[in-house]
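Participant: task: produce atomic coordinates for the following.
(chains A and B)
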Amino acid sequence: MIELYGISKQYQKPNWALDDITLHIEKGDFWFVTGPSGAGKTTLLQIIFREIFPTQGQIVVQGRNILKIPDHKIYQLRRTMGIVFQNFRLLFHKKVFDNVAVVLQILGVPQKEQRKKVLNALRMVNLHHKMWDFPSHLSYGEQQRVAIARAIVNNPKIILADEPTGNLDTELAVEIMSLFKAVNEQGSTVIICTHDRELIRNFGKKMLFLYKGKQLRKEEL
Amino acid sequence: MKEVRNNLWQFRARNFFSITIICLSFLTLGIFLSLSNNLQHTAQELSQNLTAVFFLEKNLSDNEKSAISDRLQDSTLVFDVQFVSASDALEKFRVKFPDLKDILENLDKNPFPPSFEVIFKEDNLTPEDIFAFIEQIKSTERVSDVQFNQEWIEKMYSLSRLSRAVGYFLGSILVLASFFIISNIIKLNVFSRKDEIEILRLSGATNMFIRIPFLMEGTILGVFGGALSLFLLFILIEIFPVYLGSSLGVLNDLISFRFLSLTQSVFLVLACAVIGFLGSLSSLSRFLKV
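Facilitator: Purely as a prediction, here's the structure:
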């Protein structure tokens, strides 16, 4: 599903944000990418959805070398992915419903179906009662759940989540992880960046440990 | 469309500013166009009921006379042709200026040449057609001179052309300025929504999907600006004669404004829309890099 071959990224010499990462992620896998702050977790995710290019290496997603996809066609790759960003990246001038529906609007899903899918996604994150609120009226944890609803609303093949449970209390974090697990069981490949070791212990199947950009170990728990 | 409406409302102060700039730029262009329209109209009126007199050489044979007459009558511009012989011309002079009878009697021979008096049709003849026709006949053999009130009409047309050229020149500068202003205003709008664009891009939106609302906004701003400039021009034309007309006296007819034709009005609004569209397009490209 996702194959990384010797991926390295250098923002500024002489430091490497990522250094020679090789990883094969199978369809339906549930991976954790972990490590301390500055280990290169976010950079790795950004390379997978091609927000940035690696300095070296190749990356194949669903059989296509994504570094060779022309810019004007990159939307095709991103439509197969649901992304939860570390800072959520919500649209604060739009209501919760519209924040989630935006993905479906991009795909040209009919309005009636949009309503149904958005409602389902919001039910999954237990926010359907707040769908007409603005994100600024929600708590931090609720905003995080809106971001997750947006990532899963279209049943993407790949879900990438960057610290999706950061700043959530343990109970809510477990709830969110259960949600990702449920989506994974429906067939989506899930990659989650987190530094929460407890969470990995409870939910982890496969784990990549990064330290200062280097791949220290790959484990199957 | 709902998205576009919301965005226009959200940034209303800035959008109002760009509408005002478009409006003022195109109002200037409109004023000069309308002034030029009026001058052209006056020149056209002057060129109607036109007559020209073609003087012939004295020793003209009948064949040559009829050849010239046929040539004049065959023209689609000519309404009527009258031949005035040398003796007819003398007689006319005598009737018209009886006080100068003595001068004529002291002359040995008739000083008046024979001539053709031509009355042009009242159709929408362009002065260029008439000037070309006169030049053509003037160059005919045995035609010695022509009397025609050409200068005044030419001046009116030159003035009209000058006014239009000044309008286009000033208008172009202002239109260019408004293009950059719109472009920068849209750039501000785009910049203030760069997070949204980023999210759309990362969620798989095509560039076209992202562009369309901004392009529509730019076009709508342009159309509003253009329509407002037409409205203000209309008001100006209605008010101008009331406040200034009486003090201008005879010049009032020349300087008064004539509203733009339907084609010009449509062109003006379309031009505004295009400016708005292009302004948006140019400001978007740097934000749509993947």
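Participant: where do the helices of chain B begin and end?
Facilitator: B:2-10, B:12-46, B:62-74, B:86-96, B:101-106, B:127-138, B:150-192, B:194-202, B:207-240, B:246-248, B:252-255, B:262-284 (DSSP state H).
Participant: out of the ones you listed, flag the one nearest residue A:190.
Facilitator: Minimum separation from residue A:190 across the helices of chain B (Cβ to Cβ) falls at helix B:194-202, 17.4 Å. Every residue, glycine included, has its C-beta placed from N, CA and C.
Participant: now the residue most central in space within chain A: how far from chain B?
Facilitator: In chain A, the residue lying closest to the centroid (Cα atoms, centre = their mean) is residue A:160, at 1.9 Å. Distance, residue A:160 to chain B, by Cβ to the nearest Cβ, to the nearest Å: 10 Å.
Participant: next up, the contacts around that residue.
Facilitator: Neighbouring residues of residue A:160 by Cβ atoms under 8 Å, 6 or more residues apart in numbering or on different chains: A:45, A:48-49, A:81-84, A:191.
Participant: who in chain A is up against chain B?
Facilitator: With the criterion set to Cβ under 8 Å from any Cβ of the partner chain, chain A comes near chain B through A:49-51, A:71-72, A:74-79, A:81, A:83, A:89, A:91, A:93, A:102-103, A:106-107, A:150.
Participant: can you flag the buried ones in those residues?
Facilitator: For the residues of chain A next to chain B, a neighbour count by 16 or more other Cβ atoms under 10 Å in any protein chain shown gives the buried set as A:49-51, A:74-75, A:77-79, A:81, A:83, A:89, A:91, A:102-103, A:106, A:150.
Participant: okay, and which of those residues map to helices?
Facilitator: A:74-75, A:77-78, A:102-103, A:106, A:150.
Participant: export the residues you listed to CSV and tack on pLDDT?
Facilitator: Listed next are those as CSV, based on pLDDT from 0 to 100:
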residue, pLDDT
A:74, 91
A:75, 91
A:77, 92
A:78, 93
A:102, 92
A:103, 92
A:106, 91
A:150, 94
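Participant: ok, the residue in chain B positioned nearest to chain A - how many residues close by?
Facilitator: Using Cβ to the nearest Cβ, the closest approach of chain B to chain A is made by residue B:204 at 3.5 Å. Here the number of neighbours of residue B:204 (other Cβ atoms under 10 Å in any protein chain shown) works out to 23.
Participant: please report how far it lies from residue B:210.
Facilitator: Using Cβ to Cβ, to the nearest Å, we find residue B:204 at a distance of 11 Å from residue B:210.
Participant: buried stuff in stretch B:169-188?
Facilitator: Neighbour counts over stretch B:169-188 (16+ other Cβ under 10 Å) mark B:171, B:174-175, B:178-179, B:181-187 as buried.
Participant: now stretch B:219-235, how far from the centre of its chain.
Facilitator: 20 Å (Cα atoms, centre = their mean, to the nearest Å).
Participant: likewise for stretch B:264-280?
Facilitator: 19 Å.
Participant: send me it as PDB with only the CA atoms.
Facilitator: What follows is stretch B:264-280, C-alpha atoms only, in PDB (Å, rounded to 0.1, in the frame of the first residue of the first chain):
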ATOM      1  CA  GLN B 264     -20.700  50.600 -25.700                       C
ATOM      2  CA  SER B 265     -22.500  50.000 -22.400                       C
ATOM      3  CA  VAL B 266     -22.400  46.200 -22.800                       C
ATOM      4  CA  PHE B 267     -18.700  46.500 -23.700                       C
ATOM      5  CA  LEU B 268     -18.000  48.600 -20.700                       C
ATOM      6  CA  VAL B 269     -19.600  46.200 -18.300                       C
ATOM      7  CA  LEU B 270     -18.000  43.200 -20.000                       C
ATOM      8  CA  ALA B 271     -14.600  44.900 -19.800                       C
ATOM      9  CA  CYS B 272     -15.100  45.500 -16.100                       C
ATOM     10  CA  ALA B 273     -16.000  41.800 -15.700                       C
ATOM     11  CA  VAL B 274     -12.900  40.700 -17.600                       C
ATOM     12  CA  ILE B 275     -10.700  43.000 -15.500                       C
ATOM     13  CA  GLY B 276     -12.200  41.500 -12.300                       C
ATOM     14  CA  PHE B 277     -11.700  38.000 -13.700                       C
ATOM     15  CA  LEU B 278      -8.100  38.600 -14.800                       C
ATOM     16  CA  GLY B 279      -7.300  40.400 -11.600                       C
ATOM     17  CA  SER B 280      -8.400  37.400  -9.600                       C
END
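Participant: identify each buried residue in that stretch, please.
Facilitator: B:264-265, B:268-269, B:271-280.
Participant: wasn't the residue nearest to the centre of chain A part of a strand?
Facilitator: Yes: counting by DSSP: H, G, I helix; E, B strand; the rest coil, residue A:160 is found in a strand.
Participant: how near is it to residue A:81?
Facilitator: Note on residue A:160: its distance to residue A:81, by Cβ to Cβ, is 6 Å.
Participant: what residues are shared contacts of those two?
Facilitator: Common neighbours of residue A:160 and residue A:81 (Cβ under 8 Å, 6+ apart) are residue A:49.
Participant: isn't residue B:73 up against residue B:81?
Facilitator: Yes: using Cβ atoms under 8 Å, residue B:73 makes contact with residue B:81 at a distance of 5.3 Å.
Participant: gap between residue A:128 and residue A:180?
Facilitator: In terms of Cβ to Cβ, residue A:128 sits 19 Å off from residue A:180.
Participant: how about residue A:189?
Facilitator: Going from residue A:189 to residue A:180 by Cβ to Cβ gives 11 Å.
Participant: common neighbours of these two, please.
Facilitator: Counting by Cβ under 8 Å, 6+ apart, the shared contacts of residue A:189 and residue A:180 are A:30, A:159.
Participant: could you chop chain A up by domain?
Facilitator: A:1-80+A:159-221, A:89-155 (automatic domain parsing).
Participant: least confident of these, on average?
Facilitator: When the domains of chain A are compared on mean pLDDT, domain A:1-80+A:159-221 scores lowest, with a mean of 88.
Participant: and residue 104, what does it touch?
Facilitator: By default, I'm working from chain A. Contacts of residue A:104 by Cβ under 8 Å, 6+ apart are A:113-114, A:117-118, A:153-154.
Participant: actually it's chain B I care about, not the one you picked
Facilitator: B:90, B:93-94.
Participant: mind putting those into JSON lines with pLDDT, distance to chain A and neighbour count?
Facilitator: Output for the contacts of residue B:104, formatted as JSON lines (pLDDT from 0 to 100; distance: Cβ to the nearest Cβ, whole Å; neighbours: other Cβ atoms under 10 Å in any protein chain shown):
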{"residue": "B:90", "pLDDT": "84", "distance to chain A": "87", "neighbour count": "16"}
{"residue": "B:93", "pLDDT": "84", "distance to chain A": "85", "neighbour count": "17"}
{"residue": "B:94", "pLDDT": "83", "distance to chain A": "89", "neighbour count": "13"}
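Participant: could you dump these into a markdown table with distance to residue B:29 added?
Facilitator: Listed next are those as a markdown table, based on distance: Cβ to Cβ, whole Å:
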| residue | distance to residue B:29 |
| --- | --- |
| B:90 | 56 |
| B:93 | 53 |
| B:94 | 57 |
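Participant: quick one: the helices in chain A?
Facilitator: Ranges of helices within chain A are A:41-48, A:74-78, A:96-107, A:111-124, A:140-152, A:170-185, A:197-203, based on DSSP H.
Participant: which other residues reach the longest one?
Facilitator: Pointing back at helix A:170-185 there. A:28, A:30, A:124-126, A:141, A:144-145, A:148, A:152, A:155, A:159, A:161, A:164-165, A:168, A:190, A:192, A:196, A:198-199, A:202-203.
Participant: report the buried residues of it.
Facilitator: For helix A:170-185, by 16+ other Cβ under 10 Å, it's A:172-177, A:179-180, A:183-184.
Participant: just the contacts of residue A:160: which are in strands?
Facilitator: Among these, the ones falling in strands (DSSP state E) are A:81-84, A:191.
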